[in-house]
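Visitor: Provided below for reference: sequence and predicted model.
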Amino acid sequence: MRAAAISTPKLDKMPGMFFSANPKESKGTTHSLLEDKVQKRRPKTFGMDMKAYLRSVIPHLEPGMKSSKSKAILSAAEVMQWSQSLEKLLANQTGQDVFGSFLKSEFSEENIEFWLACEDYKKTESDLLHCKAEKIYKAFVHSDAAKQINIDFRTRESTAKKIKAPTPTCFDEAQKVIYTLMEKDSYPRFLKSDIYKNLLNDLQANSLK
């Protein structure tokens, strides 16, 4: 008998995970401000099993595992506090990770990356301010930045002038604009997202065991 041919699936045709395993992976193209609304539409589906995703972000949801980033296991009460304000969400390391992953799903992860870079910059020693200010400006503020944040022309120009003689507060104006953008736009959607709801439900279910 003639052996039946066995077809093998092409790897480039197989569905992949939506979220990147590397949280530092940057977008490959530069977007203009006019393209932002078109390019940054969020997907309707996340393209992978939500519980598997949550375990990749919060390892201690898996039985017997504990997150190396947290001193204590994340609790349902703690996650519920994230809904009180964006400030409380960003004050929590795990909250930053989960919210950052949500923003990545909306193609706007540059917002939290810039906000976190500004927080780190404020703690920089004076002799390193100039070098770090240049890096942040080129990465997020410059008109040709690969991860250009969506700020108005006046704020962009003002920031460009301030970094010529950098101080710990030279990015404060731009950081405030981005914080307000996240607070009014992305944060309310995050609280309604499957990422947040499933995480909270899983933690509540684990607390009853």
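Guide: Now that the structure is in, tell me what you want to look at. Numbering: from 1, shown residues only.
Visitor: so who does Gln96 touch?
Guide: 89-90, 112, 116 (Cβ atoms under 8 Å, 6 or more residues apart in numbering). Glycine gets a C-beta too; all of them are placed from N, C-alpha and C.
Visitor: buried subset of those?
Guide: If you count burial by 16 or more other Cβ atoms under 10 Å, the buried members of those come out as 89-90, 112.
Visitor: Compile these into JSON lines and extend it with columns for secondary structure, pLDDT and distance to Ala205.
Guide: Output for the buried ones among the contacts of Gln96, formatted as JSON lines (DSSP: H, G, I helix; E, B strand; the rest coil; pLDDT from 0 to 100; distance: Cβ to Cβ, whole Å):
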{"residue": "Leu89", "secondary structure": "helix", "pLDDT": "98", "distance to Ala205": "22"}
{"residue": "Leu90", "secondary structure": "helix", "pLDDT": "98", "distance to Ala205": "26"}
{"residue": "Ile112", "secondary structure": "helix", "pLDDT": "98", "distance to Ala205": "28"}
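Visitor: which stretches of the chain have low pLDDT?
Guide: Within the chain, the stretches with pLDDT under 70 are 1-72, 209.
Visitor: and if we set it to 80?
Guide: By pLDDT under 80, the low-scoring segments of the chain are 1-73, 207-209.
Visitor: Helices of that one, residue ranges please.
Guide: All helices of the chain, identified by DSSP state H, fall at 36-39, 50-57, 76-81, 86-90, 93-105, 110-121, 129-136, 153-162, 172-181, 187-191, 194-207.
Visitor: Let me have those in TSV, extended by distance to Asp144.
Guide: Shown next, in TSV, are these (distance: least, Cβ to Cβ, whole Å):
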stretch	distance to Asp144
helix 36-39	15
helix 50-57	32
helix 76-81	38
helix 86-90	28
helix 93-105	22
helix 110-121	14
helix 129-136	14
helix 153-162	12
helix 172-181	16
helix 187-191	28
helix 194-207	32
